[in-house]
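Enquirer: coordinates only, sequence not included:
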């Protein structure tokens, strides 16, 4: 579908999200590192359970030299962030699936995050938020069979992204 001529812009949008300008070697990575992709959105690197991840993709091979840069192989496609409008629509849909008690739990976690990080610099807040979103994504995969928990975690992730 993405290979059809009418979808060329979307394909370019997704592919350029996988490219970071310059030369970033595996040794240059640090937990919580954020880099701006050619597409224009930031991508985040995390170290978790003895493995490196970019967004939710596991980095499976590093430092492959090419004529136009260096390649790091990942195990899945990473998708650029959704627009604010798309996130808001998904939040509204998810809220309809949750009980009041589940919604209160999500709100409590978001409020606690805001209170805990309010004294941190903007950069530190962003790093903590990115780490939490990464960990939430890992838990979403872990609890995929439980729709209620998955919906709560997805809502929590989207609410955190809006902070």
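Expert: That came through fine. Quick caveat: nothing in here was measured; it's all calculated off a predicted structure.

Enquirer: Do I have it right that residue 64 meets residue 74?
Expert: No - with contacts counted by C-beta atoms under 8 Å, residue 64 stays clear of residue 74, the gap being 11.9 Å. For the C-beta atoms, the positions are set from N, CA and C on the backbone; glycine is no exception.

Enquirer: the more surrounded of the two?
Expert: Neighbours were counted for residue 64 and for residue 74 using other C-beta atoms under 10 Å; residue 74 has more, 18 against 10.

Enquirer: nearest residue to that one other than its sequence neighbours?
Expert: Setting aside the residues directly before and after it, residue 74 is nearest to residue 57 in space (C-beta to C-beta, 6 or more residues apart in numbering), at 3.8 Å.

Enquirer: correct me, but that neighbour touches residue 76?
Expert: Yes - with contacts counted by C-beta under 8 Å, residue 57 reaches residue 76, the gap being 4.6 Å.

Enquirer: Mind checking which of these two has more residues around it?
Expert: More crowded of residue 57 and residue 76, by other C-beta under 10 Å: residue 57, with 18 against 11.

Enquirer: quick one: terminal-to-terminal distance for stretch 21-34?
Expert: Using C-alpha to C-alpha, to the nearest Å, one end of stretch 21-34 lies 13 Å from the other.

Enquirer: For it, the averaged confidence score.
Expert: Stretch 21-34 carries an average pLDDT of 90.

Enquirer: if you average pLDDT over the longest helix belonging to the chain, what comes out?
Expert: When the chain is parsed with DSSP state H, its longest helix is helix 122-142. Helix 122-142 carries an average pLDDT of 88.

Enquirer: quick one: buried residues of that helix?
Expert: Buried residues in helix 122-142, counted by 16 or more other C-beta atoms under 10 Å: 125-134, 136-138, 140.

Enquirer: repeat for stretch 7-23
Expert: 13-14, 17-18, 20.
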